[in-house]
Structure formats: C-alpha cells, structure tokens
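Enquirer: Everything below, folded, please.
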Amino acid sequence: MENIQEILNLDFDVNVIPRENYPLNYPIHWHKEIEIIYYPLYNATDINPVTEISGKEYELSPGDILLIWQGELHRTIKNPDKKLIGFQFDSALLQSLTDFIPYIPKLRRLHHLKSSTHIDLVMSLSSYLDDICDLDKDQESFYRVEKIINLLKFMTTLSKEADNAYDASMQVPGSLSLDALYKIQRSCVYITKNCSEDLSLNDVASMAGFSPNYFSRMFKETTGYNFVEYLMIERVRKAQRYLGDNSIPITEVAYLSGFKSISTFNRVFHQIKNCSPRQFRKYMVTV
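Expert: Numbering: from 1, shown residues only. Okay, the predicted model is just below:
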C-alpha cells in the first residue's frame, strides 16, 4: 500500500475540496486523515456519484454523507457534473479529545449516512458542513477555528447518534458483538490513561477478556490502528503536553511519556507529528 498513500499533513485544520475542484474520478488510494464526502441536495443531478471504500461501492443520493476513515482504501468511481464536496482532517483531532475516544470504534463502523433513512440526523450534520463551506469560502478572521468548531459539532452529533445511525446496509463482515465492542472501547480508554506505563498487548488483551490474537485483530478492525500504533499515538500526545512546559528537559519528556530511549522518542514523534520534539516545543513557545 506504500505506493498509493496520499500524504496530506493537515495538522488541525479542515481541508475543504469544493465541488468545482472535486475530481470526476480518482484512483484507489489511502491516507491517515479522515474524509467526509457530501452530496448536497442543492447539487442534485440525474446520475448519482459512486465511491468505493474497501472494495464496496456506495451510490450516493442527494443529501447523503459518506465517511472514509483513516487507512481505508477508497476511490472515486464517478462524480458526474462535479456535485460532490470533500472534507479532510487529521484523525489526531478526535484522538486528542478524550470524550471522543470511547466512540471511535462505533464511528468507524459507519460509512453511508442516507438522507432517506436518517433525515433528521443528516439534515443536522449537513448544516455543519454547509457552514464549513461558507467559512472556507469567505476566510474571515478565525475562519480556521470556526471550521474546527463546526467539525467538532458534526462529530459530536454523529457520536451521540451512532447507535441509531446503523442500518442493515451498514453491516461490516466479521464485526464485533456489542459486548465485545464495549470491551475494545474500554481498552482504548485504559491505554490512553496508562500510556506512560509499560503496557503490553498481552496485558491489555487479558484485561479485556480476549486472547492476544483475537484482541489484536479486533482492535485493528475497530480503531484502524494496531496496538503499538495506538499506544505510540497516545504517548506522543502525552509528550505534547509536557513539551508545553519549557522547564522539563526533552529527555525527561520522553521518559515521562513512556518511551524507554530518547532515540525512539525522537523517531516516533517525527513519524506522527512530522517534526522533532524540539521543533514542536519551539513552535509552541513562539506562537
């Protein structure tokens, strides 16, 4: 998959792809960001757009919303008359807010939000997307902040209604039972709270009541990350908070965040944040 990864590097912003720039078709690819595809009612056309996610085709009707989660292979099969609008944002935005963490496994099971099936929910979500489009177009003071605010309102509304948003067409092969899903959610919270400790896959799997192999497979299915990736993201997030305190040496930041060596800390931090811890601290101090 390395040769079809798209690198966006959005940090905490919402990249809007207006309909005039959204491609008529686009080859299969993946990226670490979350993407929302929106087919506004006012852009209705006689031929519906079609997008493929993980080998499954989704035909969008006017008003529909499509969710593409980080790491999912997808492509635009057809976008007649350029009616689609795209929104892309760093998945770390949700991961950085503890309230969202228990909901992420449920959210990842959602893809196609149909206006015909969930009209009230989709209308509410569409209003936030419309506002983001207006803000991105006008670009007045604090428009990036307001885009993030509307995106968080979108994700909060979706999270609260996640259970009701499922329907028979959204079943995922090999998906978890509700009880198993809750156990994975609790595992995510546990990892976040204890990421600086010496956590192992076997320990967390045992706490959840699963075998290591089953837990590893289900954890990846529901979060989009394997255990080590998720643990590293949480440790880097914790390190970011320590880096805000200029009195704490970077070596100490590494150990306080759960890393056993400064070299590993520097390497992992750069992989996730696209900058070194020292550069990140400098940026925090100067902005």
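Enquirer: Quick check on the residue nearest the centre of the chain: phi, psi?
Expert: Residue closest to the average C-alpha location in the chain (Cα atoms, centre = their mean): residue 91, at 3.2 Å. Backbone dihedrals for residue 91, given as degrees, to the nearest 10, come out at phi -60, psi -20.
Enquirer: How about the contacts made by it?
Expert: 32, 33, 34, 69, 70, 224 (Cβ atoms under 8 Å, 6 or more residues apart in numbering). Every C-beta, even on glycine, is put in place using the N, C-alpha and C of the backbone.
Enquirer: For those, work out which two are farthest apart.
Expert: Greatest spatial distance in the contacts of residue 91: 33 and 224, 11.4 Å, computed using Cβ to Cβ.
Enquirer: Now for these two: what residues contact both?
Expert: Taking Cβ under 8 Å, 6+ apart as the contact rule, residue 33 and residue 224 both touch 70, 91.
Enquirer: Comparing the two, which shows the higher neighbour count?
Expert: Comparing residue 33 with residue 224 by other Cβ atoms under 10 Å, the one with more neighbours is residue 33, at 22 against 19.
Enquirer: Let me know the distance separating that one from residue 82.
Expert: Residue 33 sits 22 Å away from residue 82, going by Cβ to Cβ, to the nearest Å.
Enquirer: for residue 16, same thing?
Expert: Counting by Cβ to Cβ - residue 16 and residue 82 are separated by 14 Å.
Enquirer: Could you do residue 69 as well?
Expert: Distance from residue 69 to residue 82, by Cβ to Cβ: 24 Å.
Enquirer: In terms of neighbours, single out the busier of those two.
Expert: For the pair residue 69 and residue 82, the greater number of neighbours falls to residue 69 (20 against 16), based on other Cβ under 10 Å.
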